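Participant: Sequence and computational prediction follow.
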Amino acid sequence: MRTLRLAVTVARGYPSGMTYDLPDVRGALTKNRDLSSLTWMRVGGPADWLFQPADMDDLAEFLAALDLCVPVFPMGVGSNLIVRDGGIRGVVIRLGRGFNEIGVAGQMVSAGAAALDAHVAKKAAGEGVDLTFLRTIPGSIGGAARMNAGCYGTYMADVFVEAEAVTRAGERVTLSPADMGFAYRQTELPPDLIVTRVTMEGAG
Ligand SMILES: Cc1cc2nc3c(=O)[nH]c(=O)nc-3n(C[C@H](O)[C@H](O)[C@H](O)COP(=O)(O)OP(=O)(O)OC[C@H]3O[C@@H](n4cnc5c(N)ncnc54)[C@H](O)[C@@H]3O)c2cc1C
């Protein structure tokens with residue numbers, strides 16, 4: 001099995017100067033990836049590694065095999081992130097094409113975490129479901145769930161039914177509203193939990 005090496009050079013809660021095997025993946029794993037081009041503010045240094053998983057299996061298997069000492073940080077489309085010039089240590093995970101499907105059944109809208117809020121609002125509206133509050137928020141559904149994004153007096157918490165996620169250990173979990181711990185523009189989710197899909201109930 002092909003392995004990649006992570007040279008950890010900065011200590012913030014994990015050992016300096018050590019190397020770790022990174023699991024083989026089917027998606028893209030990029031070393032020293034500059035993050036400035038992936039954030040709204042166009043600032044910030046590199047991630048030690050940027051992982052863009054091909055699909056759920058790729059993500060869960062990667063996390064299960066990744067040494068627990070290596071920090072993991074999920075990012076959406078970076079509209080609520082200011083990355084420091086020194087970048088981010090460990091593995092930044094950014095979901096893409098394998099995670100952007102949107103489905104509508106009755107009033108229920110299920111969207112992959114990489115789907116853009118505006119696309120979800122538009123697709124829902126096309127099916128007669130009102131998720132208008134998402135229309136002008138320049139983020140992804142994963143970011144909207146994590147941040148309890150809101151607009152026009154409606155928040156993710158108001159429409160949230162459940163979410164699928166993958167823990168740092170690679171376990172697939174389903175999150176209820178209580179698990180989310182919604183508060184104003186924040187939740188109580190662990191910072192290294194990756195939300196992969198969100199189901200919302202819109203108004204008719
Ligand atoms: C011009 C402008 C207008 C805005 N207007 C609004 C507004 O009206 N209402 C509002 O609420 N916000 C607004 N925001 C803030 C921002 O758009 C929201 O917070 C948005 O939900 C962030 O989504 P994102 O995909 O960009 O997440 P990021 O900025 O990439 O990440 C934000 C946080 O979410 C976490 N995260 C991202 N994806 C995942 C995932 N899949 N799983 C787990 N955690 C994840 C990250 O770790 C980080 O902690 C605005 C921002 C800008 C720049």
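Facilitator: On my side now, so go ahead.

Participant: the domain parsing of the protein - what is it?
Facilitator: In terms of domains, the chain is parsed into 4-94, 99-201 (source: automatic domain parsing).

Participant: after the helix or strand where residue 104 lies comes which helix or strand?
Facilitator: Taking DSSP states H and E as the criterion, residue 104 maps to strand 102-105. Where DSSP H and E defines the elements, the next helix or strand beyond strand 102-105 is strand 108-112.

Participant: Check which helices and strands the helix or strand following that next one sits against.
Facilitator: Counting by DSSP H and E, the next helix or strand C-terminal to strand 108-112 is helix 117-126. Packing partners of helix 117-126 (3 or more C-beta pairs under 8 Å, 6 or more residues apart in numbering; DSSP states H and E): strand 102-105, strand 108-112, helix 141-147. Just so you know, the C-beta spots here come from the backbone N, C-alpha and C atoms, and that holds for glycine as well.

Participant: Remind me what the longest one packs against, helices and strands.
Facilitator: Using 3+ C-beta pairs under 8 Å, 6+ apart, the elements in contact with helix 141-147 are strand 72-75, helix 117-126, helix 156-159, strand 194-201.

Participant: That helix - what's its average pLDDT?
Facilitator: Taken as a whole, helix 141-147 has an average pLDDT of 98.

Participant: The protein against the ligand: which residues are in contact?
Facilitator: Residues of the chain found near the ligand, taking C-beta under 6 Å from any ligand atom as the criterion, are 40, 73-81, 95, 113, 137-140, 142-144, 146-147, 149-151, 185, 193-195.
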